[in-house]
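Visitor: After the sequence you'll find the predicted model.
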Amino acid sequence: MSEGEVRVAVASAALLGESPFWHPREGALYYCDIPGQRLYRFDPAGGALTHWEFDSEPGSCAPCLDGTLLLAMRDGLFRFDPATSQRERLAEPPYDPAVERFNDGKCDPQGRFWVGTIYEPRDAAKATLHCFSGGKLLQRAGGATVANGLAWSPNGRTMYWTDTKAHTIYAFDFEPASGEIGGQRVFARFPLKQEGQLLESYGGRPDGAAVDAEGCYWVAMFEGQRLLRLSPAGEVLREVKLPVRCATMPCFGGADLKTIYLTTAREKRPAAELAAQPWAGCVLAFDVDVPGLPVNFAA
C-alpha cells in the first residue's frame, strides 16, 4: 500500500494517542491521549469528536457489556461511565505511581482484562503484566520495561505481549477457559536503535498491535514510520509506509472491520519533524482486504 492511500480520520492531534478500539454497538472509535489525560470518542458517520478529561493518565481503555468502559490509569483501574463522567475504582495500582503506570491493556475473548505497565525510568526490566478477573488484579508476567502489543490469535490459544524497549514481541500459549499462560517464546525481534543512528535508517520498535481474521499480527513500529503485518510464524508479510514517524497502535473498525485506524504521537518530537509531518498525533486510517477481529468486551 502506498503512503497516499493512508488518510486522516481524526485531524485533531493528540500528544500521544493510544489504545484505540472500535465499538460495534455505537459505530464509534474510542482512544486515549495518555499525557493529555483525555479519552476520545469519534463518530465517523457524523464526524463528531467528543472527549473526557481526567487528572491522571489513561493508559488504555476497553468496553464493558453494560455500556461502561474500563480505564487503566496511573492511579488504578476504573469503571468509567461516559454518560455521567463518573469513575469507580476497581483496583489500586500494583506499583509505585511515581515511577510506573498502566499502559497497553485489552480484554481476552472471555472478558478478562489484561494490562501491562511501563517502568518510566526505563533503566530496568521492572514492568509487569496483570489480569483483572473476578474483582481481583493478579500479576501474570514480568521482566519487561515498556509493556505493549497485547493481542490474541483467532482461536484464542495464543497471546501476544511486547516489550517495546527490548524490540521484542513474545507469544504465549493461552488456555481460554482458565486464562493460564505459558510457553513464552520470541515471536519477532527487531534491531535495537544504535547510538547516533539516523531515524531514516532505523526500522522502529514494536508498540501496539491488532490481529486480523487470518491470524496475522499488525504492529505499529514506533519511530520507524511504518506498520507491519506479521504472519502467525512472525514473518513480515507487508509493510505500510506512513506519513508520520511515530505510530502507536492499530485497531480494526467500520461495520465490516476492514478499516485500520491508527493512533500516532507528537509529544517530545523535534520541531523540524513536526513541521514536516503535520499529521503527527492525528488518527490515520486505511482500508484492508482481510477484516480484523472484533473488540472483546469486559465481562
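Guide: Structure's in. What do you need? Numbering: from 1, shown residues only.
Visitor: Next one: residue 208, what pLDDT does it get?
Guide: Model confidence at residue 208, given as pLDDT, is 98.
Visitor: Check the gap between it and residue 90 for me.
Guide: Distance of residue 208 to residue 90, computed by CB to CB, to the nearest Å: 23 Å. (Each C-beta comes from the backbone N, C-alpha and C, glycine too.)
Visitor: Compare the two and say which is more crowded by neighbours.
Guide: Comparing residue 208 with residue 90 by other CB atoms under 10 Å, the one with more neighbours is residue 208, at 29 against 18.
Visitor: just checking, that one touches residue 104?
Guide: Yes. If you go by CB atoms under 8 Å, residue 208 and residue 104 touch, sitting 6.0 Å apart.
Visitor: what sits in contact with each of these two?
Guide: 18, 19, 148, 149, 249 (CB atoms under 8 Å, 6 or more residues apart in numbering).
Visitor: now the residues you listed as TSV including distance to residue 127?
Guide: Formatted as TSV, the shared contacts of residue 208 and residue 104 follow (distance: CB to CB, whole Å):
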residue	distance to residue 127
18	15
19	16
148	9
149	12
249	17
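Visitor: just the buried members of the residues you listed?
Guide: Buried members of these, scored by 16 or more other CB atoms under 10 Å, are 18, 19, 148, 149, 249.
Visitor: Please identify the buried residues of stretch 292-299?
Guide: Within stretch 292-299, the residues scored as buried using 16+ other CB under 10 Å are 292, 293, 295, 296, 297, 298.
Visitor: Ramachandran angles for residue 201?
Guide: phi -110, psi 10 (degrees, to the nearest 10).
Visitor: Where do the strands of the stretch 1-150 of the chain begin and end?
Guide: Remark: strands assigned in the stretch 1-150 of the chain by DSSP state E, counting those that start in this stretch are 7-10, 17-23, 28-33, 38-43, 48-53, 58-63, 69-73, 76-81, 86-91, 100-107, 113-119, 127-133, 136-144, 147-152.
Visitor: Quick one, which of those strands gets closest to residue 287.
Guide: strand 7-10 (9.2 Å; CB to CB).
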